[in-house]
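here's my sequence, what's the structure:
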Amino acid sequence: MQNNVWTSARENSAEKTVNCRKSARFVFLFVLTIAAVASLVTASYATGNVGKADLAGPWVVSLTGNTGCGLSAMQANFTLNNSGTGAATLTTHGQCGDSTVTGQTFTVLTISANGSGTANLTCGTGCGWNFNIQVSPDRSTFSLVDVSAANPSNYLSGMAVHQ
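From the prediction side, this is the model:
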């Protein structure tokens, strides 16, 4: 009987050691995974004032909403220069049909130090939208919304991504 108790105690101790080692391995792998992921993440917050030159380079904008031509989904591709202007290609899918129009212009009209400002996108002869924009701190994206009284019946919003 004493032998059985001693054997049972040893088995319980061995089982606890195995479980403890499994738990330790899991914790080690979990911590190692978190450390690896953390090492891949870099802070993307830029400092300083936002200016037009910060937006130079290629962009793609997705827009959706109601235009003078009905409900539409659009994509504009353009490359801004240091002055905040660039030639745009506008691809539209909407109630008035599908089109791709080249030779349009995207212009950052104003930009404040905190990244808020205004911009304009032309869409053909006598056609254009005025947007309020907000540039992200890392200058990789900006939001657009047309709330201009100068654009009646136009309700567009979207997002721009620096490529």
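
what about the most centrally placed residue in the chain, distance to residue 103?
Residue closest to the average C-alpha location in the chain (CA atoms, centre = their mean): residue 141, at 5.7 Å. Counting by CB to CB, to the nearest Å, the gap from residue 141 to residue 103 is 25 Å. Yep, even glycine has a C-beta here, placed from its N, CA and C like the rest.

same question, residue 70
23 Å.

domains for this protein, by residue range?
1-41, 52-162 (automatic domain parsing).

need the winner for burial among the ones you listed.
domain 52-162 (a mean of 16; mean count of other CB atoms under 10 Å).

avg pLDDT for that one?
Mean per-residue pLDDT for domain 52-162: 95.

now do the same end-to-end measure for it.
Distance across domain 52-162, first residue to last, is 13 Å (CA to CA, to the nearest Å).

chain center to that domain: distance?
15 Å (CA atoms, centre = their mean, to the nearest Å).

what of stretch 50-67?
Relative to its parent chain, stretch 50-67 has a centroid offset of 12 Å by CA atoms, centre = their mean.

tell me what whichever strand or helix holds residue 107 is packed against?
Taking DSSP states H and E as the definition, one finds residue 107 inside strand 97-111. If you count contacts as 3 or more CB pairs under 8 Å, 6 or more residues apart in numbering; DSSP states H and E, strand 97-111 packs onto strand 70-80, strand 85-94, strand 116-122, strand 128-135.

a markdown table for those, including distance to residue 58?
As requested, these are exported to a markdown table (distance: least, CB to CB, whole Å):
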| stretch | distance to residue 58 |
| --- | --- |
| strand 70-80 | 5 |
| strand 85-94 | 9 |
| strand 116-122 | 15 |
| strand 128-135 | 16 |
